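1. Structure of the sequence below:
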Amino acid sequence: MTETSSIPPTLNEEQTNTTFPIYAPRPAFLEFILTFFTFTASASFWLVARVREVNYQSRGKFTPWLWFFVPSFSLAQLFAFPKLFREMDHINKTNDTQSLGAWKWGLLLLLVLSTAFINISDKIELPTWTWFIALTIYSFCIATLQHRFNHNKINLEPSNQIKIKYLYKVWEWILLAIGIPLTLFVFYTSVLTPILTTSKEISKDTTLIYPEQPFQLTILDDGWSEVELGTYSDGTAEIELDGPLNSMHFIVFKHGLNNSLNSVSYWRQGNILEENSKHKCTQVRKFHERTIDVTALVICEGKSLSDPSLYISKTIQTDKGVYEIFGYLSSTKISFKRHKANFIATAKGFKAI
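-> Numbers count the residues shown, from 1 in each chain. I've put the predicted structure just below:
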């Protein structure tokens, strides 16, 4: 945000004759909608445009393109926005209009904190509903700033300088056409679905034993719950468990007496690689504790988009046929590393009784 010396801003005849594009004030709630449903992507373009308008009103104080990166970084906001606020106050004072007031610092604090939270969520997995709260606060801050920029336009710009009114530009409509259904889908699947799904919480170190089922499983982490059949499978599973992370679950399948332990484990590995060809898989055969019963363990690791992911399958032989526990874990690097060991150990603890 380069600063240069300038003459105190006034809207003189030279400025009113310029062809600089000053668009009609857009209502703040429209800016909120655009910011929210584009996951803050539009904020960078918005701020560049607003800084260009401040430049016009203050005769070239800032370098607008540098402000493209400000909405995405909390540290940059701490340095950039105070300069912008001072310049806006200077413009208001010169033209005898209302200054920003002390509320601007509270707004800056909200903006910085919400930006930091959104950035942290890329590194550490947090409940999705908290991310939506941060997005709402961030969008509110942008909308509030838009309201203030509108105030300057209305009070400082001559009517013949204001361009045609519009709701959104073409590229903004395109972003909204993609962002609205995507946002609603994420909100429904990640926030509403867990609330609407019937579940039974499971405490850490609980051993799950079911009547008439020939297996047991010990849960080694907090945050697990038993959910309805069909949540993660096609409804043919014996049990389904939801983990503490958004993409973390176990499913137990009964493969019956007509399938062998080897056929199930090789089928599972092939199925994983068919959908995720870049994953690396290993298979291990072991005797179950001090018995002659053999178990098969398949572990496949790779990446899902940019996040690490892991599939695990343990197949056991029981007096009622072959049973398999199948698990999936994918998260940010820090959360993945924190949960990986216990996730694998839980699957390995699946055994016949």
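2. Show me the chain divided up by domain.
-> Following automatic domain parsing, one finds the domains of the chain at 13-194, 199-352.
3. Same list (those) but as CSV, adding mean pLDDT.
-> Listed next are the domains of the chain as CSV, based on pLDDT from 0 to 100:
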stretch, mean pLDDT
domain 13-194, 86
domain 199-352, 93
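4. For my notes, please list those in JSON lines and give mean neighbour count for each entry.
-> In this view, the C-beta of every residue, glycine as well, is placed from N, C-alpha and C. Below are those laid out as JSON lines (neighbours: other Cβ atoms under 10 Å):
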{"stretch": "domain 13-194", "mean neighbour count": "16"}
{"stretch": "domain 199-352", "mean neighbour count": "16"}
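5. SS state for the residue nearest to residue 85 when sequence neighbours are not counted?
-> Leaving aside its sequence neighbours, residue 85 sits nearest to residue 104 (Cβ to Cβ, 6 or more residues apart in numbering; 5.2 Å). Counting by DSSP: H, G, I helix; E, B strand; the rest coil, the backbone at residue 104 sits in helix.
6. Same check on residue 346?
-> Quick answer, by three-state DSSP: residue 346 is helix.
7. Check which helix or strand the nearest residue to it once chain neighbours are set aside maps to.
-> In space, and not counting its chain neighbours, residue 346 is closest to residue 220: 4.9 Å by Cβ to Cβ, 6+ apart. Residue 220 belongs to no helix or strand when assigned by DSSP states H and E.
8. show me the contacts for residue 220.
-> Contacts for residue 220 (Cβ atoms under 8 Å, 6 or more residues apart in numbering) come out as 204-205, 342, 345-346, 349.
9. what helices or strands is the helix or strand that contains residue 341 leaning on?
-> Here residue 341, judged by DSSP H and E, is contained in helix 333-348. If you count contacts as 3 or more Cβ pairs under 8 Å, 6 or more residues apart in numbering; DSSP states H and E, helix 333-348 packs onto strand 247-256, strand 294-304, strand 307-318, strand 321-330.
10. Am I right that residue 118 is in contact with residue 138?
-> Yes. Counting by Cβ atoms under 8 Å, residue 118 sits close enough to residue 138 to count as a contact (6.7 Å).
11. that's a helix at residue 99, yeah?
-> No. Counting by three-state DSSP, residue 99 is not part of a helix but coil.
12. Distance check, it against residue 148.
-> Computed as Cβ to Cβ, to the nearest Å, the residue 99 to residue 148 distance reads 10 Å.
13. same thing with residue 114?
-> 18 Å.
14. likewise residue 38?
-> Between residue 38 and residue 148 the distance is 21 Å, computed by Cβ to Cβ.
15. now residue 299
-> Separation of residue 299 from residue 148 (Cβ to Cβ): 55 Å.
16. ok, now residue 125?
-> For residue 125, the distance to residue 148 (Cβ to Cβ) stands at 35 Å.
17. Same question for residue 167.
-> Residue 167 is 20 Å from residue 148, by Cβ to Cβ.
18. Overlap in contacts, residue 99 and residue 148.
-> With Cβ under 8 Å, 6+ apart, residue 99 and residue 148 have no common neighbours.
19. what are the ranges of the strands in the protein?
-> Along the chain, the stretches classed as strands by DSSP state E are 199-202, 207-209, 215-218, 224-227, 239-242, 247-256, 280-287, 294-304, 307-318, 321-330, 351-352.
20. in its sheet, what does the fourth one sit against?
-> When pairs are called by DSSP bridges, strand 224-227 turns out to pair with strand 199-202 (antiparallel), strand 239-242 (antiparallel).
21. Dump the C-alpha coordinates for the first one into CSV.
-> Going back to what we said before, that points to strand 199-202. Only the C-alpha atoms of strand 199-202 are listed here, as CSV (Å, rounded to 0.1, in the frame of the first residue of the first chain):
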residue,chain,number,x,y,z
SER,A,199,-27.1,-40.8,16.8
LYS,A,200,-25.9,-42.4,20.1
GLU,A,201,-22.7,-40.9,21.6
ILE,A,202,-19.9,-43.3,22.5
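22. Not counting its own residues, what contacts that strand?
-> 208, 219, 224-228, 241-242.
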